[in-house]
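*Asks:* Okay, sequence plus prediction incoming.
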Amino acid sequence: MATTDAPAVLVEGLHKRYGEKRAVDGLDLRVEHGEIVAVLGPNGAGKTTTVETLEGFRRADAGHVRVLGADPARAGRAWRSRIGVVLQDNHDLAEATVREIVHHMAGFYPAPRDPEQVIDAVGLREKATTRTRALSGGQRRRLDVALGVVGDPELLFLDEPTTGFDPQARHEFWDLVESLRDEGTTILLTTHYLEEAERLADRVVVVARGHVVAQGAPAELGGRQARRARVRWTVDGAPREEATDTPTALVAQLASRLGRPDGEVPGLQVLRPTLEDVYLGLIGEHGTADAPHEEAAR
Ligand SMILES: Nc1ncnc2c1ncn2[C@@H]1O[C@H](COP(=O)(O)OP(=O)(O)OP(=O)(O)O)[C@@H](O)[C@H]1O
């Protein structure tokens, strides 16, 4: 039960096929205790299959998987009580109220959070006595998050947690995730929102066609080349552009070289690639999930 030096999640060479489809194809992943890792990737890249394998809901065809020191395919109830899960699709609890469900779920864990505090934390106080069938999509998702955290998990899996959230709800959810991080919860999330990954993740892992194609801190993903700034300016109305690691020096040089009395550089723009730019570049390089595998095409 004690936390060891072993990572919270360790995946080596994970493979999973559905018939001929290689959904996960040699995926490696490591999540340290206390870390928030965001898994990004196009539709069909294998993110959900991977996460569901880590949660013990799917069996790997091959590979080494350890989650909190155990093989999820064989781990028992004590292990399950240490993880929290927010799935992409949800079971139907339509007739129960928010309060009933959160209290009910808390009862399955040895040391749950206070269900009323959880209801507050996910912003469902005003809906506590509402039946779940009467919740909006975003409210329903907040309830899913409440059910994922009520057991006070050491490790929380969030599969596209904010899909369907309005911008305010998304920001509130991010605050909630950050407070969980401050309490030491390890979090693995999948998302299609680059802003979400940038805001929350210590590390971003990009998956395409069933394996990891890049990983790193959000500010470093893609390496120096992908992160170069582009400086644009005009000379006699004609556009010029240069990629550089030192945009400030280039701008200073342009200001003196162009020799305008006011020191202004006409049409000056300094563009730095966003995480989205870098991500789209990586995905472009590695093809989309549904492109045929190179091996298959040979
Ligand atoms: N139960 C299943 N049976 C057959 N094929 C499946 C099954 N689940 C997933 N797949 C296929 O496996 C591949 C990976 O799917 P997965 O759901 O893991 O991707 P994902 O990265 O989570 O995608 P998304 O971003 O759309 O949620 C896809 O091509 C998908 O069609």
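*Replies:* Perfect, I can see it now.
*Asks:* What mean pLDDT does stretch 224-233 get?
*Replies:* Mean pLDDT, stretch 224-233: 87.
*Asks:* before we move on, what SS does Gly263 have?
*Replies:* Classification of Gly263 by DSSP: H, G, I helix; E, B strand; the rest coil places it in coil.
*Asks:* How many residues are close by it?
*Replies:* 10 (other Cβ atoms under 10 Å). Backbone N, C-alpha and C define where each C-beta goes, glycine included.
*Asks:* residues from this protein in reach of the ligand?
*Replies:* 18, 21, 23, 41, 43-49 (Cβ under 6 Å from any ligand atom).
*Asks:* between these, which is closest to Gly216?
*Replies:* Nearest to Gly216 among those, counting by Cβ to Cβ, is Gly41 at 14.8 Å.
*Asks:* Give me the neighbour count for that closest one.
*Replies:* Counted with other Cβ under 10 Å, Gly41 comes out at 27.
*Asks:* surely it meets Val206?
*Replies:* Yes. Gly41 lies in contact with Val206 (Cβ atoms under 8 Å); the separation is 6.0 Å.
*Asks:* Mind checking which of the residues of the chain next to the ligand land in strands?
*Replies:* Those of the residues of the chain next to the ligand mapping onto strands are 18, 21, 23, per DSSP state E.
*Asks:* on that earlier part again, make TSV from the residues of the chain next to the ligand and add distance to Val85 and pLDDT to it.
*Replies:* Converted to TSV, the residues of the chain next to the ligand look like this (distance: Cβ to Cβ, whole Å; pLDDT from 0 to 100):
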residue	distance to Val85	pLDDT
Tyr18	21	94
Lys21	24	92
Ala23	19	95
Gly41	19	94
Asn43	21	92
Gly44	21	93
Ala45	20	94
Gly46	18	95
Lys47	14	95
Thr48	12	93
Thr49	15	95
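*Asks:* State the pair within those residues that is farthest apart.
*Replies:* Tyr18 and Gly41 (16.8 Å).
*Asks:* returning to that earlier point: hey, what's in contact with both of Gly41 and Val206?
*Replies:* Contact with both Gly41 and Val206 is made by residues Ile283, according to Cβ atoms under 8 Å, 6 or more residues apart in numbering.
*Asks:* quick one: contacts of the helix or strand hosting Val39?
*Replies:* When secondary structure is defined by DSSP states H and E, Val39 falls within strand 36-40. By Cβ under 8 Å, 6+ apart, the residues outside strand 36-40 that reach it are 9, 29, 31, 47, 50-51, 177, 181, 186-192, 194, 196-197, 200-207, 279.
*Asks:* The same query, at a cut-off of 7 Å, please.
*Replies:* For strand 36-40, contacts defined as Cβ atoms under 7 Å, 6 or more residues apart in numbering pick out 31, 47, 181, 187-191, 197, 200-207, 279.
*Asks:* Over to stretch 242-254?
*Replies:* So stretch 242-254 is in contact with 224, 228-231, 233, 265, 268, 270, going by Cβ under 7 Å, 6+ apart.
*Asks:* Inside helices: which ones of the residues you listed?
*Replies:* The members of the contacts of stretch 242-254 that map onto helices under DSSP state H are Arg224.
*Asks:* Greatest separation within the contacts of stretch 242-254: which pair is it?
*Replies:* Using Cβ to Cβ, the contacts of stretch 242-254 reach their maximum pairwise distance at Arg224 and Val265, which is 24.5 Å.
*Asks:* okay, the two: which has more neighbours?
*Replies:* Comparing Arg224 with Val265 by neighbour count (other Cβ under 10 Å), the higher total belongs to Val265, at 22 against 8.
*Asks:* For that one, what are phi and psi?
*Replies:* Dihedral pair for Val265: phi -100, psi 120, per degrees, to the nearest 10.
*Asks:* Who are the contact partners of it?
*Replies:* Val265 makes contact with 233, 251, 254-255, 258 under the criterion Cβ under 7 Å, 6+ apart.
*Asks:* part of a helix, is Phe173?
*Replies:* Yes. Judged by three-state DSSP, Phe173 forms part of a helix.
*Asks:* Mind listing what's buried along stretch 169-187?
*Replies:* For stretch 169-187, burial by neighbour count (16 or more other Cβ atoms under 10 Å) applies to 169-170, 172-174, 176-177, 180-181, 185-187.
*Asks:* Gly216 versus the nearest residue to Asp166 once chain neighbours are set aside, what's the distance?
*Replies:* Spatially, and ignoring its direct neighbours in sequence, Asp166 is nearest to Gly138 (6.0 Å; Cβ to Cβ, 6 or more residues apart in numbering). Distance of Gly138 to Gly216, given as Cβ to Cβ, to the nearest Å: 31 Å.
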